[in-house]
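Visitor: take this sequence and fold it.
(chains A, B, C and D)
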Number of protein chains: 4
Amino acid sequence: MKTPQQIFELMYNNDPFSKLLGMQLIAISEGHCKLEMKVTKDMLNGFSIAHGGITYSLADSALAFACNSRGIQSVSIETSINHLSKVIEGDILTATSEEKNLTGRTALYLINISNQNNQAVALFKGIVYRTGKEW
Amino acid sequence: MKTPQQIFELMYNNDPFSKLLGMQLIAISEGHCKLEMKVTKDMLNGFSIAHGGITYSLADSALAFACNSRGIQSVSIETSINHLSKVIEGDILTATSEEKNLTGRTALYLINISNQNNQAVALFKGIVYRTGKEW
Amino acid sequence: MKTPQQIFELMYNNDPFSKLLGMQLIAISEGHCKLEMKVTKDMLNGFSIAHGGITYSLADSALAFACNSRGIQSVSIETSINHLSKVIEGDILTATSEEKNLTGRTALYLINISNQNNQAVALFKGIVYRTGKEW
Amino acid sequence: MKTPQQIFELMYNNDPFSKLLGMQLIAISEGHCKLEMKVTKDMLNGFSIAHGGITYSLADSALAFACNSRGIQSVSIETSINHLSKVIEGDILTATSEEKNLTGRTALYLINISNQNNQAVALFKGIVYRTGKEW
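Guide: Down below sits the predicted model:
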């Protein structure tokens, strides 16, 4: 059985979008993942703040790495995000997962995203389906 | 008062992330927006399908253009997405907005995302706060 | 294999809460359900409007009947509701299901709730897990 | 300005549905509320477990008391719930609020619902609109 670190590397090495956005792994363990990302000019929207897809993408990657790290291939069923504070160019975002529930077939995670001042900028909730197929 | 097309241009011309992903406007009118985007290799994740952030970003842009086209600056409060079918490299995605509710301070939209075969690939729901400030 | 009507009866006859709230079946077929309910004084909250749990409960029952009517025992994974207009004593609410997606293991439904004036009062979204066990 | 306890009493004394379900106040303070409720036979559904509307209603009441306790009349915009474990007749449910974000116009709460064995049975998320009108 593969370790969380091995599964992360298998996933991340084939994940051009997470790389394109510059996501960096801070920590990975069973059911848990912490990622970091710097907000660049390319990530802004028409209000000169980060596009909603930026925090979502970071959280969605953290979700994928957190749930798959348990060794069972898992895919997201439903995800939601609340944008809490503005994210601007130069911000360093950290996504930290919290496993709220784990059953045979589904699991529920919260992903908290905060900036370099430790201010919450988004709260993400994700439900995943665990396919049963091992990594 | 600005037209929906004028507001769209003001927003889109300052939106590097929507441009980076290659989003194209198909239609814009009061409370409604339709966007199109081609899925490229850069947009994939570790399962060789489109990263969840891709369909989310397309839907989130469609939401922003749809609600702001009513002439009042509006920001998203809560958004959720369900991924319904796999999205792969080369797919042409279309996001179509549906305004489900409009009050003085908030509005609710569904965004349906389908592929070139007219197959639904994601359903997105967004609630926005209408700031009262005119464009 | 049981019919949608038979499954509905098996469920409803053992569902004291749906009965307590006075839910009435209007239509049932594979993947679809329509329910009606009158709002009584008992269902109000501290703002003298219907408690949020009232429209939620009606929608949740409609979801349960709609998805189980396909002959496979199904349970809800995630549900969300947006309250769009005030619901007051005496209102007649109708919940109508719309099946947005159906796969082997999960399904997604929207439930529209409207009042006697055909005004939308709530939009509900539900994702269910299909256990594979037949009714 | 009224205290959280005074606002709770004003709301609860005019809230027949929360009373009908037997909700009891455990604690109330600014931005926080804790409620308790016993699951009775009347609250079950066709699977002989508590109807989804039961945990939702408890959480929705906890949300309403928590956000209004800040002295500003507030109404829910969007709420979602995940059912995590079965709830059966005789269970004692406790709903505990957690304020995740507070701005001038909106606020975000998580409500954790657990049973008498301290097992999580549901996670509820609610976004409220703060009308600006004082209690």
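Visitor: can you confirm residue A:42 is in a helix?
Guide: Yes. Residue A:42: assigned to a helix according to DSSP: H, G, I helix; E, B strand; the rest coil.
Visitor: which residues does it contact?
Guide: By C-beta atoms under 8 Å, 6 or more residues apart in numbering or on different chains, the residues touching residue A:42 are B:16-17, B:20. Using the backbone N, CA and C atoms, a C-beta is placed for each residue, glycine as well.
Visitor: likewise residue A:112?
Guide: Applying C-beta under 8 Å, 6+ apart to residue A:112 gives the contacts A:95-96, A:98, A:120, A:122-124.
Visitor: out of those, who's nearest residue B:130?
Guide: For the contacts of residue A:112, the closest approach to residue B:130 (C-beta to C-beta) belongs to residue A:122, at 20.6 Å.
Visitor: run me through the strand neighbours of the helix or strand encompassing that closest one, direction for each.
Guide: Residue A:122 belongs to strand A:120-134 when assigned by DSSP states H and E. Listed by DSSP bridges, the sheet partners of strand A:120-134 and their directions read strand A:72-83 (antiparallel), strand A:106-114 (antiparallel).
Visitor: quick check: residues of chain A near chain D?
Guide: When proximity is defined as C-beta under 8 Å from any C-beta of the partner chain, chain A approaches chain D at A:80, A:82, A:84, A:100-101, A:108, A:110, A:120, A:123, A:125, A:127.
Visitor: so which two of those are the farthest from each other?
Guide: A:84 and A:101 (22.8 Å).
Visitor: ok but residue A:93 is inside a strand, no?
Guide: Yes. Counting by three-state DSSP, residue A:93 is found in a strand.
Visitor: ok, the contacts of residue A:42 vs residue B:60, which is closest?
Guide: Taking C-beta to C-beta as the measure, residue B:17 is the one of the contacts of residue A:42 closest to residue B:60, at 9.7 Å.
Visitor: does residue A:116 touch residue A:92 like I think?
Guide: Yes. Contact criterion C-beta atoms under 8 Å: residue A:116 and residue A:92 qualify, at 4.3 Å.
Visitor: ok so, going back, the contacts of residue A:112, buried ones only, as a ChimeraX selection?
Guide: Selection of buried members from these for ChimeraX, criterion 16 or more other C-beta atoms under 10 Å in any protein chain shown:
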select /A:95,96,122,123,124
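Visitor: make JSON lines out of the contacts of residue A:112 and add pLDDT and distance to residue B:135.
Guide: Listed next are the contacts of residue A:112 as JSON lines, based on pLDDT from 0 to 100; distance: C-beta to C-beta, whole Å:
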{"residue": "A:95", "pLDDT": "98", "distance to residue B:135": "32"}
{"residue": "A:96", "pLDDT": "98", "distance to residue B:135": "36"}
{"residue": "A:98", "pLDDT": "97", "distance to residue B:135": "38"}
{"residue": "A:120", "pLDDT": "96", "distance to residue B:135": "29"}
{"residue": "A:122", "pLDDT": "97", "distance to residue B:135": "25"}
{"residue": "A:123", "pLDDT": "97", "distance to residue B:135": "29"}
{"residue": "A:124", "pLDDT": "98", "distance to residue B:135": "29"}
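Visitor: what distance do you get for the residue nearest the centre of chain A to chain D?
Guide: Residue closest to the mean C-alpha point of chain A, counted by C-alpha atoms, centre = their mean, is residue A:62 at 2.0 Å. Residue A:62 sits 17 Å away from chain D, going by C-beta to the nearest C-beta, to the nearest Å.
Visitor: now do residue A:3
Guide: Separation of residue A:3 from chain D (C-beta to the nearest C-beta) stands at 28 Å.
Visitor: tell me the phi and psi of that residue?
Guide: phi -80, psi 160 (degrees, to the nearest 10).
Visitor: around it, how many other residues sit close by?
Guide: The number of residues packed near residue A:3 is 14, by other C-beta atoms under 10 Å in any protein chain shown.
Visitor: run through the residues that contact the residue nearest to residue A:4 when sequence neighbours are not counted.
Guide: Nearest-residue entry for residue A:4: residue A:69, 3.7 Å, with adjacent residues in sequence omitted and distances by C-beta to C-beta, 6 or more residues apart in numbering or on different chains. Residue A:69 sits next to A:4, A:7-8, A:28-33 when contact means C-beta under 8 Å, 6+ apart.
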